[in-house]
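Engineer: Any chance you could fold what I've pasted below:
(one chain, ligands or ions: 1)
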Amino acid sequence: MANKPAPTAVPIHELIAGRWSPRAYSSEPVSREHLHAVLEAARWAPSSYNLQPWRFMVFDRSADEVSFKRAFATLVPFNQGWNAPAPVLIAATTHTLTNKGEINRCAPYDTGAAAMALVLQAHALGLAAHQMSGFDVNAFRKAFAIPDDVEVIAMISLGHFGEVDKLDPVLREREKSVRTRLPLSDIAFSGAWKKAF
Ligand SMILES: Cc1cc2nc3c(=O)[nH]c(=O)nc-3n(C[C@H](O)[C@H](O)[C@H](O)COP(=O)(O)O)c2cc1C
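Structural biologist: Residues are numbered from 1 along each chain as shown. Below is the predicted model:
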């Protein structure tokens with residue numbers, strides 16, 4: 001199931017409306033060319049002072065199964081379940097300090113922007129991408145000797161769309177359900193706090 005467009009209130013670009021977070025993967029590897037493209041999209045994200053604090057660690061099962069398995073082992077059991085066939089995991093990490101050694105308070109914001117560029121590029125290529133916070137950050141830090149001034153923010157699984165019917169019944173229903181969001185009046189204010197746009 002490759003398409004589950006957002007039921008938007010007004011028309012928006014297909015790339016944004018069409019991106020979603022699927023859980024049904026096939027085990028087909030992602031080509032090197034496509035991996036390069038999603039990382040290139042992330043590279044061109046904007047950032048505060050153009051510091052580009054993001055660092056992405058790619059775990060490609062077809063290229064390095066040992067590292068892939070070590071990263072996969074840090075996922076919480078729920079995420080391990082539906083990611084079992086996924087061919088690629090990408091850890092989104094960020095440098096927390098500026099070049100002057102001060103806290104870069106925009107680092108997570110910038111890294112989220114880069115991750116969004118990555119998943120949008122994946123969608124544009126017809127790939128499935130799913131961001132996750134459900135993993136053991138400390139176990140990941142230990143497994144890959146992440147330096148103290150780097151924060152590990154999220155994992156992103158990447159692959160080709162698989163068969164929804166192979167998911168367990170609960171996830172199968174979730175995969176088919178309509179995507180929802182808070183109403184615009186809850187998230188956009190006009191000139192004053194909580195004055196709905
Ligand atoms: C930072 C972040 C962490 C997430 N963590 C998980 C996760 O651990 N497991 C999961 O199944 N989905 C996870 N998701 C996916 C969200 O549940 C999903 O984006 C949300 O329900 C909206 O659905 P959509 O992306 O299809 O529009 C995460 C998404 C983000 C952005």
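Engineer: beta partners of Val150?
Structural biologist: Beta bridges link Val150 to His95, judged by DSSP bridges.
Engineer: My guess is Ala17 contacts Lys4. True?
Structural biologist: No. Ala17 is beyond contact range of Lys4, at 9.8 Å (criterion: Cβ atoms under 8 Å). Using the backbone N, CA and C atoms, a C-beta is placed for each residue, glycine as well.
Engineer: Can you classify Ala117 by secondary structure?
Structural biologist: Three-state assignment for Ala117 (DSSP: H, G, I helix; E, B strand; the rest coil): helix.
Engineer: My error: substitute Met155 in the last question.
Structural biologist: Met155 is classified as strand under three-state DSSP.
Engineer: who touches it in this structure?
Structural biologist: 71, 74-75, 79, 89-92, 131-133, 135 (Cβ atoms under 8 Å, 6 or more residues apart in numbering).
Engineer: in the sheet, who's paired with it?
Structural biologist: Legend: beta-bridge partners of Met155 under DSSP bridges are Ala91, Met132.
Engineer: What distance do you get for the residue lying closest to Ala124 once chain neighbours are set aside to Arg105?
Structural biologist: Nearest non-adjacent residue to Ala124, counting by Cβ to Cβ, 6 or more residues apart in numbering: Leu15, 5.9 Å away. The gap separating Leu15 from Arg105 is 29 Å, by Cβ to Cβ, to the nearest Å.
Engineer: Can you show me the helices along this protein?
Structural biologist: 14-18, 32-43, 65-72, 77-83, 107-124, 137-143, 169-176, 184-187 (DSSP state H).
Engineer: Nearest to the ligand, out of those helices?
Structural biologist: Closest of those to the ligand is helix 77-83, at 5.1 Å (criterion: Cβ to the nearest ligand atom).
Engineer: So which bits of this structure are right by the ligand?
Structural biologist: By Cβ under 6 Å from any ligand atom, the residues of the chain that approach the ligand are 20-21, 79, 131-134, 154, 179.
Engineer: now these: which count as buried?
Structural biologist: Taking 16 or more other Cβ atoms under 10 Å as the criterion, what is buried in the residues of the chain next to the ligand is 20, 79, 131-132, 154.
Engineer: Using TSV, lay out the helices of the chain together with mean pLDDT.
Structural biologist: Formatted as TSV, the helices of the chain follow (pLDDT from 0 to 100):
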stretch	mean pLDDT
helix 14-18	97
helix 32-43	98
helix 65-72	98
helix 77-83	98
helix 107-124	98
helix 137-143	98
helix 169-176	95
helix 184-187	96
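Engineer: any idea which of the ones you listed is most buried?
Structural biologist: Of the helices of the chain, the one with the most neighbours on average (mean count of other Cβ atoms under 10 Å) is helix 107-124, at a mean of 20.
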